[in-house]
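*Asks:* the sequence and its predicted three-dimensional model are supplied below.
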Amino acid sequence: MRFANVSGRACLVLDGRAVDIAEASGGALSSDPMMTADLANHAALRALAADVDPASWPALREADLGPPVPHPGKIIALALNYRTHAEEAGLAIPTEPHVMAKFPTCICGPGADVPIGDLEMVDYEVELVLAVGRRCKGVAAPDAWSHISGLTCGNDVSDRNEQFRPPVRQFSLAKSYDAFGPIGPTMITPDEVPNRDDLALGCRVDGEVRQQARTSDFIFDVSYLMAWLSRYVTLEVGDLIFTGTPGGVGDSMDPPTYLRHGQVVELEIEGIGTLRNRIVAGEG
Ligand code: ZN
């Protein structure tokens with residue numbers, strides 16, 4: 001299944017059309033897009049998808065899309081999960097995951113502007129984002145995927161100046177400014193892709209390719225991450241996990257190259273789609 005947040009309402013995407021879940025179910029299912037992240041609703045959603053005639057619903061319009069998971073309880077982000085990114089940052093390959101938080105208010109949707117004010121070191125990071133589909137603790141790795149309700153693209157937008165400000169380097173605030181967490185354009189269930197552990201992903205800035213990798217390059221794969229994280233924290237429905245970014249970030253370019261006013265960042269993940277956001281400097 002493919003889900004979209006269309007003008008704040010939960011929709012199923014069928015044949016390029018947006019089927020309003022609450023309307024199509026006669027009010028039996030919620031209109032809140034958060035409901036699509038809850039695996040408890042998926043049997044009913046599959047039944048609905050099999051039952052409706054998409055032709056009678058409007059075409060999905062990119063301009064109407066909001067973030068597929070607009071109000072995550074928590075957002076856990078991997079600091080280093082690709083060798084290429086560890087190498088370009090001059091850091092050792094981790095033997096256990098390193099994580100930081102992104103605050104939930106950073107979430108924005110496809111097409112949203114990302115305001116950077118007068119910041120001069122704002123950077124992009126393409127990431128596969130997982131939506132947690134059921135409350136869990138102590139998940140066994142072989143069972144991990146059964147706890148994930150959705151996959152989407154995410155941009156872990158980062159203010160490198162704040163991220164690396166001495167003497168205490170703290171990543172979370174630098175990655176949590178308003179609109180520093182674009183996700184979308186839509187969210188798919190993991191069964192929508194033939195190989196959920198090997199998805200091509202990439203990032204372009206104004207059409208120029210900056211990042212290109214596959215999720216099979218992960219240092220810690222999705223199963224390992226879910227098991228490792230849930231040893232320590234309870235994962236809840238609608239939590240998001242940003243799984244880390246591959247090499248090619250602007251901070252590691254020679255010379256370092258950060259995002260400027262008017263640039264459009266396009267993130268693409270195989271099977272999910274393209275997430276576009278424009279960078280906007282100045283007051284506002
Ligand atoms: Zn990141």
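*Replies:* Noted; the coordinates are in hand.
*Asks:* I'd assumed residue 116 was in contact with residue 281.
*Replies:* Yes: here residue 281 reaches residue 116: they are 5.3 Å apart, a contact under C-beta atoms under 8 Å. C-beta here means a position set from N, CA and C on the backbone, and glycine is covered the same way.
*Asks:* any shared contact partners between those two?
*Replies:* residue 261 (C-beta atoms under 8 Å, 6 or more residues apart in numbering).
*Asks:* which of these two has more residues huddled nearby?
*Replies:* residue 116 (23 against 18; other C-beta atoms under 10 Å).
*Asks:* is that one in contact with residue 259, as I believe?
*Replies:* Yes: using C-beta under 8 Å as the test, residue 116 is close enough to residue 259 to be in contact (6.7 Å).
*Asks:* roughly how far apart are the nearest residue to residue 75 once chain neighbours are set aside and residue 72?
*Replies:* Distances taken as C-beta to C-beta, 6 or more residues apart in numbering place residue 102 nearest to residue 75, at 4.1 Å, with adjacent residues excluded. Separation of residue 102 from residue 72 (C-beta to C-beta, to the nearest Å) stands at 9 Å.
*Asks:* tell me the pLDDT at residue 89?
*Replies:* On pLDDT, residue 89 comes in at 86.
*Asks:* show the contacting residues for the nearest residue to residue 238 once chain neighbours are set aside.
*Replies:* Nearest non-adjacent residue to residue 238, counting by C-beta to C-beta, 6+ apart: residue 37, 4.6 Å away. For residue 37, the contact set (C-beta under 8 Å, 6+ apart) comprises 68-69, 131-133, 149-150, 187, 237-238.
*Asks:* coming back round to it: neighbours of the residue nearest to residue 75, how many?
*Replies:* Each residue near residue 102 was counted by other C-beta under 10 Å, and the total is 27.
*Asks:* do residue 128 as well
*Replies:* Neighbourhood size, residue 128 [other C-beta under 10 Å]: 24.
*Asks:* the one helix or strand it maps to: partners in the sheet, and parallel or antiparallel?
*Replies:* Taking DSSP states H and E as the definition, one finds residue 128 inside strand 126-132. Strand 126-132 has its sheet partners listed here by DSSP bridges as strand 148-155 (antiparallel), strand 240-242 (antiparallel).
*Asks:* so which of those comes closest to the ion?
*Replies:* Nearest to the ion, of all those, is strand 240-242, at 5.7 Å by C-beta to the ion.
*Asks:* what's the first helix or strand after that closest one?
*Replies:* The helix or strand immediately downstream of strand 240-242 is strand 264-269, counting by DSSP H and E.
*Asks:* C-terminal to that following strand, what's the next element?
*Replies:* Using DSSP H and E, the helix or strand that directly follows strand 264-269 along the chain is strand 273-281.
*Asks:* for the residue nearest to residue 238, phi and psi?
*Replies:* Dihedral angles of residue 37 (phi, psi; degrees, to the nearest 10) stand at phi -80, psi -10.
*Asks:* which pLDDT value goes with it?
*Replies:* pLDDT at residue 37 comes out at 98.
*Asks:* swap in residue 284?
*Replies:* At residue 284, pLDDT is 59.
*Asks:* can you give me the strands in the stretch 1-150 of the chain?
*Replies:* Counting by DSSP state E, counting those that start in this stretch, one finds strands in the stretch 1-150 of the chain at the ranges 2-6, 9-14, 17-20, 65-66, 75-78, 99-102, 107-108, 113-117, 122-123, 126-132, 148-155.
*Asks:* let me have those strands in TSV, extended by distance to residue 252 and mean pLDDT.
*Replies:* Output for these, formatted as TSV (distance: least, C-beta to C-beta, whole Å; pLDDT from 0 to 100):
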stretch	distance to residue 252	mean pLDDT
strand 2-6	33	98
strand 9-14	35	98
strand 17-20	39	98
strand 65-66	31	98
strand 75-78	17	98
strand 99-102	18	97
strand 107-108	25	98
strand 113-117	19	97
strand 122-123	9	98
strand 126-132	14	98
strand 148-155	17	98
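*Asks:* okay if I get these as CSV plus distance to residue 191?
*Replies:* Converted to CSV, these look like this (distance: least, C-beta to C-beta, whole Å):
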stretch, distance to residue 191
strand 2-6, 11
strand 9-14, 15
strand 17-20, 19
strand 65-66, 22
strand 75-78, 23
strand 99-102, 27
strand 107-108, 25
strand 113-117, 31
strand 122-123, 33
strand 126-132, 14
strand 148-155, 10
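*Asks:* format the ones you listed as CSV; extra columns: distance to the ion.
*Replies:* Formatted as CSV, the strands of the stretch 1-150 of the chain follow (distance: least, C-beta to the ion, whole Å):
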stretch, distance to the ion
strand 2-6, 22
strand 9-14, 27
strand 17-20, 30
strand 65-66, 22
strand 75-78, 5
strand 99-102, 8
strand 107-108, 14
strand 113-117, 15
strand 122-123, 10
strand 126-132, 6
strand 148-155, 8
